[in-house]
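Asker: the sequence and its predicted three-dimensional model are supplied below.
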Amino acid sequence: MSKKTAVVLFGGQSSEHVVSCMSVVNVIDHINKDKYDLLLIGITEEGHWIKTESVKEIKDGTWREGRVRAILSPDAGMGAVILLDGTKTELAKADVVFPVLHGLLGEDGTVQGLLELSRIPYVGCGVLSSAVSMDKLYTKIIVDDLGVRQAAYVPVMRHQLKNMEQVIARVEERFDYPVFVKPSNAGSSKGVSRAEDKKELETALLEAARHDRKILVEEMIVGREIECAVLGGGNQPVKASGVGEILAAAEFYDFDAKYNNADSKTVIDPQLPDGAAERVREAAKAVFQAVDGRGLARVDFFVKSDGTVVFNEINTMPGFTAISMYPMLWEAAGISKDQLVNCLMEDALSRFDD
């Protein structure tokens with residue numbers, strides 16, 4: 001049987017560019033090379049698509065210096081990537097795409113829309129589920145109707161900050177301090193702040209507004225940070241892994257605590273109040289199905305001391321780095337990284353069968 005060509009996208013224009021480059025090395029390592037030839041395409045922070053020759057180039061960052069530009073054709077009859085090397089043009093077939101892209105302009109439905117136009121099968125959630133899961137406000141609107149507990153919130157639009165006193169009054173009428181302030185569309189806790197008083201709330205709102213025009217102000221939930229991996233959807237039943245706990249080295253699990261602080265730790269199968277782990281698993285599947293998820297997602301929760309489960313957020317392209325919870329949770333459930341990546345690729349290939 002002839003091998004298929006798998007296009008692996010990494011990098012991207014979001015703040016999670018570096019994390020994507022860390023994740024993709026692990027993904028590439030676990031793709032079955034007997035089944036797939038690989039075409040590696042990195043996307044620079046400026047948005048240039050560059051053909052990459054090796055994992056070594058990804059690791060040392062020299063892939064950005066590549067000469068060959070790559071254009072994923074939206075023509076549904078081509079199923080190809082156009083490679084441009086100076087005046088030389090080449091068509092490379094694309095049988096399946098694994099978009100190892102985190103955050104904006106990669107995990108938010110934009111690249112997924114291009115792949116839908118091209119009719120090239122791809123790993124992961126589709127346009128709708130990617131877009132609404134990336135947007136915290138719209139995720140909350142969907143979860144409101146599920147009966148799954150989540151942090152109470154006040155939505156704020158950037159233009160409303162012209163009347164800052166009015167916005168602050170609306171927040172203070174709803175919540176006591178402290179509160180958390182988040183941009184609706186941003187990855188890895190970028191722009192997220194904790195506000196202890198009115199002055200800090202104003203600063204936090206202005207910081208969040210730098211990242212998105214939609215802002216969420218949330219009640220503070222005191223609880224343990226628990227994550228669950230989800231696999232399936234589309235034509236497959238939805239499965240949830242066991243649960244893992246984040247022991248953040250900072251006040252909250254922001255970008256630096258995740259990727260730059262060695263004191264942050266993860267614990268697989270932590271001891272939780274009776275029944276809480278199963279409630280997390282059921283809620284994770286419910287949220288994934290509600291956003292029409294497919295392929296994979298990591299769903300994050302807080303678990304309070306009394307066992308109450310509170311939904312936090314869903315990530316439709318979770319990290320695959322050496323410290324990432326998603327593959328670790330499936331390994332603990334008996335699914336190796338090789339099996340996990342193969343399962344995702346096989347599901348992708350069936351994407352347009354129906």
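Answerer: Received the coordinates, thanks.
Asker: what about Pro270, distance to Lys337?
Answerer: Between Pro270 and Lys337 the distance is 22 Å, computed by C-beta to C-beta, to the nearest Å. Just so you know, the C-beta spots here come from the backbone N, C-alpha and C atoms, and that holds for glycine as well.
Asker: in the chain, what residue sits furthest out from the centroid?
Answerer: The outermost residue of the chain, judged against the average C-alpha position, is Thr87 (36.8 Å), by C-alpha atoms, centre = their mean.
Asker: for it, list the residues it contacts.
Answerer: Not one residue lies near Thr87 by C-beta atoms under 8 Å, 6 or more residues apart in numbering.
Asker: I'd like the distance between it and Arg67.
Answerer: Taking C-beta to C-beta, one finds Thr87 at 12 Å from Arg67.
Asker: quick one on the thing from earlier: how close does the residue farthest from the centre of the chain get to Phe180?
Answerer: Separation of Thr87 from Phe180 (C-beta to C-beta): 53 Å.
Asker: what does Lys51 give?
Answerer: For Lys51, the distance to Phe180 - C-beta to C-beta - is 41 Å.
Asker: same question, Asp60
Answerer: Taking C-beta to C-beta, one finds Asp60 at 37 Å from Phe180.
Asker: what comes into contact with the one helix or strand Val167 maps to?
Answerer: Val167 belongs to helix 164-174 when assigned by DSSP states H and E. Outside helix 164-174, the residues that touch it by C-beta under 8 Å, 6+ apart are Ala152, Val154, Val156, Gln160, Leu161, Val179, Lys198, Leu201, Glu202, Leu205, Val217, Glu219.
Asker: then stretch 216-225?
Answerer: Under the contact criterion C-beta under 8 Å, 6+ apart, stretch 216-225 has outside partners 136-137, 140, 151-156, 171, 174-175, 178-184, 194, 201, 205, 245-246, 248, 253, 270, 272, 300-305, 308, 310, 312.
Asker: repeat that for stretch 46-61.
Answerer: By C-beta under 8 Å, 6+ apart, stretch 46-61 touches 10, 13, 21, 24-25, 28-29, 39-44, 63-64, 66, 68-72, 83, 105.
Asker: show me how to select, in ChimeraX, the buried members of those residues.
Answerer: This is the ChimeraX syntax for the buried subset of those, where burial follows 16 or more other C-beta atoms under 10 Å:
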select :10,13,21,24,25,28,39,40,41,42,43,63,66,68,70,72,83
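Asker: all helices for the stretch 101-250 of the chain, in order.
Answerer: 110-118, 127-134, 136-143, 164-174, 198-209 (DSSP state H, counting those that start in this stretch).
Asker: got the buried residues for the fourth one?
Answerer: For helix 164-174, a neighbour-count test (16+ other C-beta under 10 Å) marks Val167, Ile168, Arg170, Val171 as buried.
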